[in-house]
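*Asks:* generate a structure from the sequence data that follows.
(chains A, B, C and D)
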2 protein chains.
Amino acid sequence: MTTQKTYSIGELAREFQITTRTIRFYEDQGLLHPQRRGQTRIYLPSDRVALKLILRGKRLGLSLAESRELIQLYIPTGDNRHQLQALLDKIAEKRAMLAQQLKDIQAMQQEMDEAEQRAREAMMQLENNNV
Amino acid sequence: MTTQKTYSIGELAREFQITTRTIRFYEDQGLLHPQRRGQTRIYLPSDRVALKLILRGKRLGLSLAESRELIQLYIPTGDNRHQLQALLDKIAEKRAMLAQQLKDIQAMQQEMDEAEQRAREAMMQLENNNV
DNA sequence: CAACATCTTTACGTTTACGTAAACTTCCCC
DNA sequence: GGGGAAGTTTACGTAAACGTAAAGATGTTG
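*Replies:* Model prediction:
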């Protein structure tokens, strides 16, 4: 018997640097589904993974609704063909978004290079004028 | 004499698939600074570039405040050393963010691969059961 | 056993990023 | 010269993602 590790809401909040309010809000929005012991929420490793996905999604500008979709891509899929095709479509859609973001990041990185260049050159100018 | 091209608010809205309300809002937030001919706004190519940066920022999850910072990295920097150092710090900060996003994207792409695999396998199962 | 930490629910407040509507000029066209 | 089409300002509305506060249950520790 493999007993799973469990987490309290406070533990997760500390680990991920968010508030308990935020975690409860994600549950409210259907992104997390913790167990209960009485009133108290008990989180399993799978909840922790979901939380990681949500926060990663946030860093990439996903809405909670979008992250919920993403999480559902991980739920064991005993679906029918129609559902599976919809799933594949969603995956393709997310891929396209990621590809666009990759482009955006590369463009921004290049512009950071150029901005840094300009700043360094302006700094050199100041050095020279001060001799 | 090199006369610059100009754009109306409607032209830009159409080109970037946003509303004029949105463009005016960005001006309100200090992200755009169009000329005026009487009451009417006249946009220069530099405004158009700024708009592109804003929209790219949005795709990467930047707030308008963050995009405003980014845009300021492009303003000709006739600053003093202190300002320039602050500028370099900001650039480094944005770089770190982009690096994190890159990681996030790669992780997500891999998970999309896996999700697609699972979906395809589930589909194959259905095919077999139906023979 | 009193006090403190941690948990709970309920509910109103706040920020960001616009949407939507009203009421008004300006220009162009037949 | 009476409509449109496109521009303007002003202002209230809204969805998303929490923040913040109140009021209470639960556990544990000196």
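
*Asks:* neighbours of residue A:32, how many?
*Replies:* 23 (other C-beta atoms under 10 Å in any protein chain shown). All C-beta atoms are positioned from the backbone trio N, CA, C, and that covers glycine.

*Asks:* for the one 3 residues further on, same thing?
*Replies:* With neighbours defined by other C-beta under 10 Å, the count for residue A:35 comes to 11.

*Asks:* now do the contacts for it.
*Replies:* Remark: with contacts taken as C-beta atoms under 8 Å, 6 or more residues apart in numbering or on different chains, residue A:35 is in contact with A:6, A:41-44.

*Asks:* walk me through the domains of chain A.
*Replies:* Here the domain assignment for chain A is A:1-75, A:79-131, based on automatic domain parsing.

*Asks:* turn those domains into TSV, including mean pLDDT and distance to DNA strand C.
*Replies:* Formatted as TSV, the entries for the domains of chain A read as follows, by pLDDT from 0 to 100; distance: least, C-beta to the nearest atom of the strand, whole Å:
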stretch	mean pLDDT	distance to DNA strand C
domain A:1-75	95	3
domain A:79-131	88	16
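
*Asks:* ok so, going back, just the buried subset of the contacts of residue A:35, please.
*Replies:* In the contacts of residue A:35, burial by neighbour count holds for A:6, A:41, A:43, counting by 16 or more other C-beta atoms under 10 Å in any protein chain shown.

*Asks:* now the last one: closest residue in space that isn't a chain neighbour?
*Replies:* Taking C-beta to C-beta, 6 or more residues apart in numbering or on different chains as the measure, residue A:43 lies nearest to residue A:7, with 4.2 Å between them; neighbours along the chain are not counted.

*Asks:* need phi/psi at that neighbour.
*Replies:* Its backbone dihedrals place residue A:7 at phi -130, psi 150, with angles given as degrees, to the nearest 10.

*Asks:* just residue A:42 next, same as before
*Replies:* Residue torsions, per degrees, to the nearest 10, at residue A:42 are phi -120, psi 120.

*Asks:* for the closest residue to it other than its chain neighbours, give me phi and psi.
*Replies:* With C-beta to C-beta, 6+ apart as the measure, residue A:35 is the residue that lies nearest to residue A:42, at 4.2 Å, once sequence neighbours are left out. Reported as degrees, to the nearest 10, the phi and psi values for residue A:35 are phi -70, psi 180.

*Asks:* quick one: the strand or helix carrying residue A:112 near DNA strand D?
*Replies:* If you go by DSSP states H and E, residue A:112 is part of helix A:81-130. No. Counting by C-beta under 7 Å from any atom of the strand, no contacts exist between helix A:81-130 and DNA strand D, the nearest distance being 14.8 Å.

*Asks:* run through the residues that contact the residue nearest the centre of chain A.
*Replies:* Closest residue to the average C-alpha location of chain A: residue A:56 at 1.7 Å, with C-alpha atoms, centre = their mean. For residue A:56, the contact set (C-beta under 8 Å, 6+ apart) comprises B:104, B:107-108.

*Asks:* let's see 7 Å
*Replies:* With contacts defined as C-beta atoms under 7 Å, 6 or more residues apart in numbering or on different chains, residue A:56 is in contact with B:104, B:107.

*Asks:* skip ahead from whichever strand or helix holds it and say which helix or strand is next.
*Replies:* Residue A:56 is located in helix A:45-59, with elements delineated by DSSP H and E. From helix A:45-59 onward toward the C-terminus, using DSSP H and E, the following helix or strand is helix A:64-72.
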